[in-house]
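Colleague: I'd like to go over a predicted model; first the sequence, then the structure.
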Amino acid sequence: MFNTYVKLDKDVIQHIEKTTQEIILSYLEAISQKRKLNGLKTYFLLCPYCKNSLIVFVNGLPKFCTKCGETNPFQKLENSINKASILYRLVHESDEQVTRVLLEQCMVILATCIEVFLRDIYSTTLNLRYIKRGQSIIERFYNEVKNDFINTGKIRKRFKEMGVDIKNTFGKEVVKDINLLLLKRNVIVHNNGIIDKAFLSSSGLNVNIGSKIEISKDEIENCISLVNDLSNGLEEFYKSEFFHAIYEELVNYFNDINSQEG
């Protein structure tokens, strides 16, 4: 899974211009001579939220920015999928009333994680693309989009601003399924799961106002699959954006180190 901590190895360093490659390799060689760091892995972070960059030496894989505490959008999404999957497994052991609550909460988690994921992909991409080194206006991007990512029409518009056509990327049916998931979440959260006029007019379903919204076990399984597809479909786009930024930051970061030592 994509991570904003990048292991400093030859696969990464080879993409950087030769002069900086030599600086990084010299730095890593010096680090390897320090006994207290022996056996630790060297990672480089460029946080897409706060734009902090730093080197860390750890045994495992770092999972959050040490400055702002943010985990990356894909980790947030995976964690939400895991939570929904845990709740879904409980459905098979529960009575009818508990089953309904569990299915509703699965839907709320999955819809919310889509909203947060798409908002974060959009906002951090702009933060990486257009905001100069060491600075971040992530909160401004959040404020500008407000609730746009609970509406598939506005989602498509926002992603088109970045050169991504959501409908072409995922297909018309997937966008339709995302729209229905978001609409059902709204009814669950804001109207106790009871169909209202807003849902009726937006969903296109043949349902009655005042009836309980239908949620099946199969639908939750399909939604989990849908969220996974969303993650996979946007990973290459985001990796391209991120690594373009991180290669540039690596050059600046290690040139700064080299000039300070010189």
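Modeller: Noted; the coordinates are in hand.

Colleague: Can you tell me how far N232 is from L226?
Modeller: Going from N232 to L226 by CB to CB, to the nearest Å gives 11 Å. Any C-beta I mention is one placed from the backbone N, CA and C, and that applies to glycine too.

Colleague: Wait, T42 touches I31, no?
Modeller: Yes. Between T42 and I31 there is a contact under CB atoms under 8 Å: 6.6 Å.

Colleague: so what's in contact with the two at the same time?
Modeller: Here T42 and I31 have F57 as joint contacts, going by CB atoms under 8 Å, 6 or more residues apart in numbering.

Colleague: When these two are compared, which one has more neighbours?
Modeller: T42 (18 against 15; other CB atoms under 10 Å).

Colleague: Can you tell me the SS state at that one?
Modeller: Classification of T42 using DSSP: H, G, I helix; E, B strand; the rest coil returns strand.

Colleague: Excluding residues flanking it in the chain, which one is nearest it?
Modeller: L8 (4.6 Å; CB to CB, 6 or more residues apart in numbering).

Colleague: What is the helix or strand hosting I224 packed up against?
Modeller: In this assignment (DSSP states H and E), I224 forms part of helix 217-261. The contact analysis (3 or more CB pairs under 8 Å, 6 or more residues apart in numbering; DSSP states H and E) places helix 217-261 against helix 18-32, strand 41-46, helix 73-91, helix 96-130, helix 166-170, helix 172-191.

Colleague: right, and those - which one's nearest K63?
Modeller: helix 73-91 (6.4 Å; CB to CB).

Colleague: Just give me the neighbour total for F2.
Modeller: Neighbourhood size, F2 [other CB under 10 Å]: 15.

Colleague: what does the model give it for pLDDT?
Modeller: Looking at F2, its pLDDT stands at 85.
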